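Engineer: quick one, fold the following:
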Amino acid sequence: MRVAIQFVPVGANRVIAALAAASILLPSAAAGQELRLGTVGFANSGAPEAQGAFERGLLLLHSFEYWDAADAFRVAREIDPDFAMAYWGEAMTHNHPVWMRQDREAALAALDRFAPTPEQRAAKAGPDAGGTEREAAYMRAVDVLYGAGGKEARDVAYLEAMAALHEAHPDDVDAAAFHALALLGTAHEGRDFTIYMRSAGILEQVVDRHPNHPGVAHYLIHSYDDPIHAPLGIRAARAYSAIAPDAPHAQHMTSHIFVALGMWDDVVEANENSLRVLDNAGAADGQAPAACGHYNFWLEYGYLEQGRDEEALRLVRECYDRVGALADGATPAPDATPVDSYTRMLARYVVDAGDSGSEALDWPIDLDRAPNAAATRAFAAGHAAARRGDPAGLSDAMASFAAARQAIGEAREVDGAGRQRLDLLASELEALRLGLGGDLEAAIELARQAAEDEAAMPLEFGPPFIEQPTHELLGELLLAAGRPAEAREAFETALSRTPGRSVVLDGLARAEAELTAAD
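Structural biologist: Numbers count the residues shown, from 1 in each chain. This is a model prediction of the structure:
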């Protein structure tokens, strides 16, 4: 059982036309190995000898292995310099829809190597140059994606282009898959269930006919990875890991469904598999095992939910050691710098393991040039201080948090969701301070407002985006104030947002026990 934060009086102790018809094993350019990545069936006009590299690139693209996919597409165009779809594929690797990231300049550079204008590219890909109208449509669509205007407007225009392409070629499974993915790429304000269910509806029409297509399974998981719809994604999650066992992201991606359902053994297995695949591939190139990043963070969360706190702390330590060994700016994962990864792992450990005196909080690190990481670490320190009943430690942490937050604002380092997260963390630290000072009513009102603010934010998938989910904190404060019925309601709301989360289950059990004792 986790240790709850205790709110007591001051002074007391206490995150080609070639058509592949079956699963294919493609050669790895790096290690000479065969990779099991799934099945594709993308007719095109490229040279026969370039098909292997193109297919490998397409398979990797569907599994978001963007960097390896780009390498494969480049090999294909080097073999056949007139291979239109190889240039299209390389450009596509620079758009990361679900992550809402795009490198427009790199994509246009890849397309310019094929032809200098959108009109010339479409003509060179089309029937008059030995291609097909379908290939020309793909080329026109990618030029819309990277055309004029802001990213959000281009995402919507690209969706319209892919919808038209899909309608014109209903038997093209990749058109369906990329149409669905384009939909997800228009969810600019976060998880819009209407958009996500439209994506799922497209994919559900093709999944039975293409059960080994990595993109179909992958994008279905993304469409369903929230606590409400996750039961619909179990089939895709179970299938995807077997479809692409040699794609690290495919192994990890299944855990999006498992986290949303509180299936902790499956979460751990998925992320251990993803790291094994990633590290095996890296070892072939002489790289050290991954120590920071997305897969490590999700694995840590799984360990914490299993109660394997020592193993979770080991992961935090490995990332900390790697931060010290890496040069500035090195990024071992697509969604985190090492220092950000480390501090998120540290905070996740401190909050979820309930280790208020954790040795990890004393590990020295210079965060002067990483204010976002500094804010995360300061929150962890403040949360730990509150847990052990240390108002002076909490005050110091709040001062560090405020300084980091000011530096973030000056550097304009975070987006809208990032700013909202910082606002909520600041409110939580203040609520903790009020609680320790004995003003539980003021703490409860502040936590209740924070919970309303978090509930209004777009739902984030995966480990909690807010290190201490606000409804959990509200429940703890209500218990401390002797209001178990309200605490139970807060914990039930928290559980609906993070199913199976052990801290919430413990809080709910304590609320129920107090209510039973009172009867």
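Engineer: quick check: next helix or strand after the helix or strand bottoming out on mean pLDDT in the chain?
Structural biologist: Taking mean pLDDT, DSSP states H and E as the measure, the helix or strand of the chain with the lowest value is strand 25-27, at a mean of 36. Toward the C-terminus, strand 25-27 is succeeded by strand 34-36 as the next helix or strand (DSSP states H and E).
Engineer: note down every partner strand of that following strand and its orientation.
Structural biologist: Next to strand 34-36 in the sheet, as set by DSSP bridges, lie strand 25-27 (antiparallel).
Engineer: and the helices in the stretch 51-200 of the chain, which stretches?
Structural biologist: Using DSSP state H, counting those that start in this stretch, the helices of the stretch 51-200 of the chain run over residues 51-62, 66-79, 84-92, 104-112, 118-125, 133-145, 151-168, 173-184, 193-204.
Engineer: ok, and what's touching the longest one?
Structural biologist: This points to helix 151-168. Helix 151-168 is contacted by residues 97, 102, 104, 134, 137-138, 140-142, 144-149, 172, 175-176, 178-179, 182-183, 185-186, 188, 202 when judged by CB atoms under 8 Å, 6 or more residues apart in numbering. C-beta coordinates here come from the backbone N, C-alpha and C atoms, glycine included.
Engineer: show the buried residues in the residues you listed.
Structural biologist: 97, 102, 134, 137-138, 140-142, 144-147, 172, 175-176, 178-179, 182-183, 185-186, 202 (16 or more other CB atoms under 10 Å).
Engineer: got the domain ranges for this structure?
Structural biologist: 38-208, 301-518 (automatic domain parsing).
Engineer: span of the last one from start to end?
Structural biologist: It refers to domain 301-518. With CA to CA, to the nearest Å as the measure, the first residue of domain 301-518 is 35 Å from its last.
Engineer: pLDDT on that domain, on average?
Structural biologist: Throughout domain 301-518, pLDDT has a mean value of 91.
Engineer: can you give the distance of that domain from its chain's centre?
Structural biologist: The chain centroid and the centroid of domain 301-518 are separated by 18 Å under CA atoms, centre = their mean, to the nearest Å.
Engineer: now do the helices in the stretch 401-519 of the chain.
Structural biologist: Under DSSP H, counting those that start in this stretch, the stretch 401-519 of the chain gives helices at 416-436, 440-456, 470-480, 484-497, 502-518.
Engineer: and stretch 446-463, what's buried?
Structural biologist: Quick answer for stretch 446-463 (16+ other CB under 10 Å): Leu446, Ala447, Arg448, Ala450, Ala451, Glu454, Met457, Leu459, Glu460, Phe461, Gly462, Pro463.
Engineer: I should have written stretch 160-168 there, sorry.
Structural biologist: Buried residues in stretch 160-168 (16+ other CB under 10 Å): Ala161, Met162, Ala163, Leu165, His166.
Engineer: what's the answer for stretch 305-325, then?
Structural biologist: Buried, per 16+ other CB under 10 Å, within stretch 305-325: 305, 308-309, 312-313, 315-320, 322-323.
Engineer: regarding Ala291, what is its secondary structure?
Structural biologist: Three-state assignment for Ala291 (DSSP: H, G, I helix; E, B strand; the rest coil): coil.
Engineer: and the nearest residue to it once chain neighbours are set aside, which helix or strand is it part of?
Structural biologist: Once flanking residues are discounted, Ala291 sits nearest to Arg322: 3.8 Å by CB to CB, 6 or more residues apart in numbering. Here Arg322 sits within helix 309-325, counting by DSSP H and E.
Engineer: show me what that helix is packed up against.
Structural biologist: Applying 3 or more CB pairs under 8 Å, 6 or more residues apart in numbering; DSSP states H and E, we find helix 309-325 packed against helix 294-306, helix 338-353.
Engineer: for Pro338, see how far away the residue nearest to Ala291 is.
Structural biologist: 6 Å (CB to CB, to the nearest Å).
Engineer: same question, Ala404
Structural biologist: Separation of Ala404 from Pro338 (CB to CB) stands at 18 Å.
Engineer: more crowded one of these two?
Structural biologist: It is Pro338, of Ala404 and Pro338, that has more neighbours when counted by other CB atoms under 10 Å, with 26 against 23.
Engineer: in TSV: the domains of the chain, plus distance to Tyr240.
Structural biologist: Formatted as TSV, these follow (distance: least, CB to CB, whole Å):
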stretch	distance to Tyr240
domain 38-208	9
domain 301-518	15
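Engineer: wait, which of the ones you listed is closest to Ser223?
Structural biologist: Among these, the nearest to Ser223 by CB to CB is domain 38-208 (3.8 Å).
Engineer: the closest one: end-to-end distance?
Structural biologist: One end of domain 38-208 sits 15 Å from the other (CA to CA).
Engineer: and it, how far from the chain's centre?
Structural biologist: Distance, centroid of domain 38-208 to centroid of chain: 22 Å (CA atoms, centre = their mean).
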